[in-house]
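Visitor: need coordinates for the below:
(one chain, ligands or ions: 1)
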Amino acid sequence: MSSEYLFAHKHILGLDHLSVPDIEHILNTAESFKEISGRSIKKVPVLRGKTVVTVFFEPSTRTRLSFDIAAKRMSADTFSISASTSSTTKGETLADTAKNIEAMMPDIIIMRHPSSGASNYLANRISTSVINAGDGTHEHPSQGLLDLMTVKEHKGKIKGLKVAIIGDISHSRVAHSDIIGFSKMGANVFVSGPATLIPKKIAHLGATVCRTIEEAVKNADVIMPLRIQKERQNDPLIPSFREYASFFGINRQILQIAKPDAIVMHPGPINRGVELTPDVADSFQSVILGQVTNGVAIRMALMYLVIGGA
Ligand code: CP
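Guide: So this is what the prediction gives:
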């Protein structure tokens, strides 16, 4: 990295907005923060005196807890509101809710929202730093970055790898961030899934669309099945989970056509027996829990960088 490099992002809205040096800098910063989580006293004063508010309008286990843990490990004061406890249930608009949160002068707002573009909308209206924790089917940047970190950790590089993303590409913000991120970093991304769940425009993001799962997985270094996002489908787009599993589920047989040292990833939550079999989810090739561990380091890095850390 050039000594003249400067991370100049106040908001983290998507990987689309980040350059290759930005992504490399975030990954390097996260790698240096990861060690803190292994200490017996897991706390550093990096965000002491800073206020972090998490605003989640959709359910979350990993992302919400991970941001909360990351902020606390850096000594920030953390507060959270969710859809059911916010005044949006009384008719307040998202912009008014955000303006009211801003009036209490937090330093960072982390938001998950069911509408694509909600984080951009917020970032254009308030002066507080906004980190997108997943907006509709648009992007999930911290997940994309933790996926990049996990692959780099296991493979020593990202450039030139074959990454196979399988399943519900249409509704997956993770798929969008991953396709953008892995392509930017020089990996070759292949996608496969039911035709009803592969958007026509996905090739514009840099992915090669495969007709069969075998084509996508053959000689892959990384295999990432995605959850079927039933909550985002107005009409069912697959006949049944059983049928989906028989055509697109990752099992031992499919895994054998990937490289012998291929890793299996999943953003979670996983549906065992649907997008991957339990033996694959728990196999030595699975790095799913490692992704979760790296999520804390990535979120520490993001919060540190948006408030002006070097
Ligand atoms: N990966 C992910 O976004 O998980 P959660 O929905 O549990 O946050």
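Visitor: residues of the stretch 101-250 of the chain that sit close to the ligand?
Guide: Gly134, His140, Gln143 (C-beta under 6 Å from any ligand atom). Glycine gets a C-beta too; all of them are placed from N, C-alpha and C.
Visitor: helix or strand right after the helix or strand encompassing Phe247?
Guide: Taking DSSP states H and E as the definition, one finds Phe247 inside helix 241-248. Per DSSP H and E, the first helix or strand lying C-terminal to helix 241-248 is helix 252-255.
Visitor: using PDB, write out every CA atom in that next one.
Guide: Taking Å, rounded to 0.1, in the frame of the first residue of the first chain, the C-alpha atoms of helix 252-255 are listed here in PDB:
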ATOM      1  CA  ARG A 252     -20.400 -34.900  -0.700                       C
ATOM      2  CA  GLN A 253     -20.800 -35.900  -4.300                       C
ATOM      3  CA  ILE A 254     -20.800 -32.400  -5.600                       C
ATOM      4  CA  LEU A 255     -18.000 -31.400  -3.300                       C
END
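Visitor: in the stretch 101-250 of the chain, which residue sits nearest the ligand?
Guide: Of the residues in the stretch 101-250 of the chain, the one nearest the ligand is Gln143, at a distance of 5.1 Å by C-beta to the nearest ligand atom.
Visitor: in a helix, that's where that residue is, yeah?
Guide: Yes - when classified by DSSP: H, G, I helix; E, B strand; the rest coil, Gln143 is found to be part of a helix.
Visitor: these two touch, right, it and Ile180?
Guide: No - between Gln143 and Ile180 no contact is recorded; they are 11.9 Å apart, counting by C-beta atoms under 8 Å.
Visitor: what about these two, which has more around it?
Guide: Taking neighbours as other C-beta atoms under 10 Å, Gln143 and Ile180 compare with Gln143 leading, 26 against 23.
Visitor: how about the more buried one: what's its closest non-neighbour residue?
Guide: On the basis of C-beta to C-beta, 6 or more residues apart in numbering, the spatially nearest residue to Gln143 that is not a chain neighbour turns out to be Val174, at 5.0 Å.
Visitor: would you confirm that that neighbour contacts Pro141?
Guide: No - with contacts counted by C-beta under 8 Å, Val174 stays clear of Pro141, the gap being 9.9 Å.
Visitor: those two - which one has more neighbours?
Guide: A side-by-side neighbour count of Val174 and Pro141, using other C-beta under 10 Å, places Pro141 first with 32 against 27.
Visitor: pull the contacting residues for the more buried one.
Guide: When contacts are counted by C-beta atoms under 8 Å, 6 or more residues apart in numbering, Pro141 is found next to Ile12, Leu13, Gly14, Leu15, Leu18, Ile131, Asn132, Ser177.
Visitor: ok, for the first one, nearest residue in space, not its chain neighbours?
Guide: What it means is Ile12. The shortest distance from Ile12 to any residue other than its chain neighbours is 4.7 Å, reached at Ile131 (C-beta to C-beta, 6+ apart).
Visitor: is it true that Leu94 touches Ala83?
Guide: No - when contacts are counted by C-beta under 8 Å, Leu94 is not listed as touching Ala83 (10.8 Å).
Visitor: so where's this structure shaky on pLDDT?
Guide: Within the chain, the segments meeting pLDDT under 70 span 1-3, 230-236.
Visitor: show me the strands in it, by range?
Guide: With DSSP state E, the ranges of strands along the chain come out as 51-56, 77-82, 108-113, 129-135, 162-166, 188-192, 207-209, 222-225, 263-264.
Visitor: coming back round to it: next up, the contacts around the residue nearest to Ile12.
Guide: Residues touching Ile131, when contacts are defined by C-beta under 8 Å, 6+ apart, comprise 11-12, 67, 108-111, 119, 141-142, 302-303, 306.
Visitor: swap in 10 Å and give it another go.
Guide: Ile131 makes contact with 9, 11-13, 52, 54, 67, 108-111, 119, 123, 141-142, 299, 302-303, 306, according to C-beta atoms under 10 Å, 6 or more residues apart in numbering.
Visitor: find residues that contact each of Val174 and Pro141.
Guide: Shared contacts of Val174 and Pro141 (C-beta under 10 Å, 6+ apart): Gly134.
Visitor: list the residues that contact both of Gln143 and Ile180?
Guide: Listed as contacting both Gln143 and Ile180 by C-beta under 10 Å, 6+ apart are Leu15.
Visitor: what's the neighbour count on the residue nearest to Thr277 when sequence neighbours are not counted?
Guide: Leaving aside its sequence neighbours, Thr277 sits nearest to Asn251 (C-beta to C-beta, 6+ apart; 4.6 Å). Here the count is done by other C-beta under 10 Å, and Asn251 has 15 residues near it.
Visitor: kindly report the same for Met300.
Guide: Residue neighbour count, defined by other C-beta under 10 Å, stands at 29 for Met300.
Visitor: now do the helices in the protein.
Guide: When assigned using DSSP state H, the helices of the chain occupy the ranges 20-34, 62-73, 94-103, 118-123, 141-155, 173-184, 213-217, 241-248, 252-255, 278-281, 288-306.
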